[in-house]
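K.L.:
missing the sequence, but the structure's below:
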Ligand SMILES: CSC[C@@H](O)[C@@H](O)C(=O)COP(=O)(O)O
């Protein structure tokens, strides 16, 4: 979690005014740091759908605490778990977190089931913090292997928000950027605003400022000229789901960045925990892509900037094929996205040197 930040997500027990899952309401940021108390699963499902809590790893943690909440309240846990798992379709971590807590709840005796679900949620929360730290280290090693040493440091570009707001720790891609900064190797973080909900403009700038990262915000469609000017050394993004063929679903706008990166010979690096890899989904085309409301694109009320009633296409995510992804950094090290099946066999350790040698497209 970010230093001195209101907890991104916490469990409140009865002594603390709960039971409740308490979220830092990301819809209010950066203007206000407000807690949102979810006292039952419908409230938590609403918070997930509204993106008050968002980003793949923390969705899994929220889902697991949600199962614990239903159990603690004496609600129908199976139905609550189903509702939570289905609240958003693309980030596989949500389902993984829910199923982990549900399995613990099912396996426990009647008197212990709620405590077992809560224990599973807490365990997942702590594991995610450890995974985040490991990804930061592996990602930094990978960049050091891939990128030429620049006296002034690296210029990294990111999309959406992948920091402490999405994790039990510092996050995924943004954790690597933070590690690069701590190692004195970051010249600048370019932050895509990330239309239409502005996770980059609202959330990543907020985190970058707190961490003291040198950063600059740009409109998504300004990225191309930045690449053309040679001002981007690498792209770092997170993922909502990686299918068995190594395709990467992430916030819409990631795929065009991958195409740009390939055209300009710039590494395109995906940072995600192993829990984001879904070997049960064979291909990128099989990943369910969430479609969201038209008003997110058109604006609404007084701020409307498109004619009322216009037809809108608003997918929340897109899919980048594995051949455009230079490396996938997980808590177990870096690998080529086409090698994700190795994770099932317990792949360990970064392969930065091999990846560099095998990848003629990179500048290094
Ligand atoms: C580690 S976060 C990776 C992704 O979850 C993130 O990049 C993203 O696309 C989040 O989308 P969001 O719609 O804000 O939940």
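P.N.:
All right, it came through fine. Everything numeric in this text was worked out from a predicted model, so none of it was measured.

K.L.:
roughly how far is stretch 327-336 from the heart of the chain?
P.N.:
Here stretch 327-336 is found 15 Å from its chain centre; the criterion is CA atoms, centre = their mean, to the nearest Å.

K.L.:
what do you get for stretch 317-332?
P.N.:
Distance of stretch 317-332 from the chain centroid (CA atoms, centre = their mean) equals 13 Å.

K.L.:
Then stretch 158-177?
P.N.:
For stretch 158-177, the distance from its own C-alpha centre to the chain's C-alpha centre is 7 Å (CA atoms, centre = their mean).

K.L.:
Are that stretch and the ligand in contact anywhere?
P.N.:
Yes - using CB under 6 Å from any ligand atom, stretch 158-177 reaches the ligand at 160, 162, 166, 171, 172. For the C-beta atoms, the positions are set from N, CA and C on the backbone; glycine is no exception.

K.L.:
contact partners of stretch 106-126?
P.N.:
Outside of stretch 106-126, the residues that reach it under the criterion CB atoms under 8 Å, 6 or more residues apart in numbering are 9, 11, 60-61, 64-65, 67-68, 71-72, 77, 97, 100-105, 168.

K.L.:
List the buried residues of that stretch.
P.N.:
In terms of neighbour count (16 or more other CB atoms under 10 Å), stretch 106-126 has its buried residues at 108, 113, 114, 116, 117, 118, 119, 120, 121, 122, 124, 125.

K.L.:
Go through those residues and flag which are in helices.
P.N.:
Counting by DSSP state H, these place 113, 114, 116, 117, 118, 119, 120, 121, 122, 124, 125 in helices.

K.L.:
Check the burial of the closest residue to residue 169 other than its chain neighbours by counting its neighbours.
P.N.:
Computed as CB to CB, 6 or more residues apart in numbering, the closest residue to residue 169 that is not its neighbour in sequence is residue 132, at 3.0 Å. Counted with other CB atoms under 10 Å, the neighbours of residue 132 add up to 27.

K.L.:
cool, the one 5 residues further on as well?
P.N.:
Applying other CB under 10 Å, we find 16 other residues in the vicinity of residue 137.

K.L.:
What separation is there between it and residue 290?
P.N.:
Taking CB to CB, to the nearest Å as the measure, residue 137 and residue 290 are separated by 31 Å.

K.L.:
Now for residue 283: which residues touch it?
P.N.:
Contacts for residue 283 were tallied using CB under 8 Å, 6+ apart; they are 243, 244, 245, 247.

K.L.:
Where neighbours are concerned, which of those has the most?
P.N.:
In the contacts of residue 283, the most neighbours by other CB under 10 Å go to residue 247, 26 neighbours.

K.L.:
give me every residue that touches that one.
P.N.:
If a contact means CB under 8 Å, 6+ apart, then residue 247 has 283, 284, 285, 287, 319, 320, 321, 322, 337 as its contacts.

K.L.:
Can I get these in a markdown table including distance to residue 21, pLDDT and secondary structure?
P.N.:
What follows is the contacts of residue 247, written out as a markdown table (distance: CB to CB, whole Å; pLDDT from 0 to 100; DSSP: H, G, I helix; E, B strand; the rest coil):
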| residue | distance to residue 21 | pLDDT | secondary structure |
| --- | --- | --- | --- |
| 283 | 34 | 97 | coil |
| 284 | 32 | 98 | helix |
| 285 | 34 | 98 | helix |
| 287 | 27 | 98 | coil |
| 319 | 30 | 98 | strand |
| 320 | 32 | 98 | strand |
| 321 | 36 | 98 | coil |
| 322 | 35 | 97 | helix |
| 337 | 33 | 94 | helix |
